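1. One predicted model, sequence on top.
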Amino acid sequence: MSYPEPRYDGDAGEISAVYRPAGTAPELRYTSGGSASYLATGASTNGQFGLYRWDMAAKPSGPSPHFHKTISESFFVLSGTVRLFNGDKWIDTTSGDFLYVPEGGIHAFRNESGEPASMLILFAPGAPREDYFETLADVGAGRRELTPEEWEEFYLRHDTYWT
């Protein structure tokens with residue numbers, strides 16, 4: 001394995017870092033009481049990756065097992081207990097635990113602990129996942145409804161395949 005081709009052609013570095021203070025409000029709130037903070041989107045990283053902080057309330061929440069054909073996902077637990085599905089079994093994970101899921105890998109996550117939990121979700125490359133999570137929040141809050149045909153198109157557009 002070698003380094004990829006350069007993506008920056010300048011002779012000197014540039015001031016281009018993006019800072020997000022810890023107190024920044026999350027971009028997305030769920031009816032379950034959880035929230036998502038877009039730390040880095042695919043658009044802001046030039047398609048290299050996306051990184052979200054996923055804060056889950058004590059109420060059980062999370063997707064069923066699924067896979068993606070175009071992106072990998074990684075999960076790093078910050079606090080609480082998060083149930084991660086590795087394609088074979090559910091694992092109760094805690095602060096510092098990590099799960100990498102390559103393209104095609106079946107996975108899921110849930111908070112069933114009855115206590116708040118938080119994790120980082122990294123996906124690569126940086127697909128436009130924001131619309132996916134924002135639409136789910138809108139449906140969950142009753143602000144939007146989708147027909148069965150719209151759900152099918154929605155999941156295909158967002159590279160989500162249920163098992």
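-> Thanks, I have the structure now.

2. CA only for contacts and neighbour counts going forward, please
-> Noted.

3. ranges for the helices of the chain?
-> 130-140, 148-157 (DSSP state H).

4. okay but residue 121 is in contact with residue 55, surely?
-> No - contact between residue 121 and residue 55 fails when scored by C-alpha atoms under 8 Å: they sit 10.5 Å apart.

5. Neighbour count: the two, which is higher?
-> residue 55 (23 against 20; other C-alpha atoms under 10 Å).

6. Bridged to that one, which residues?
-> Beta bridges link residue 55 to residue 35, residue 118, judged by DSSP bridges.

7. So which residue is smack in the middle of this structure?
-> residue 121 (4.4 Å; C-alpha atoms, centre = their mean).

8. Distance-wise, check that one relative to residue 33.
-> 18 Å (C-alpha to C-alpha, to the nearest Å).

9. Residue 46 now?
-> Counting by C-alpha to C-alpha, the gap from residue 46 to residue 33 is 31 Å.

10. What of residue 12?
-> Distance, residue 12 to residue 33, by C-alpha to C-alpha: 45 Å.
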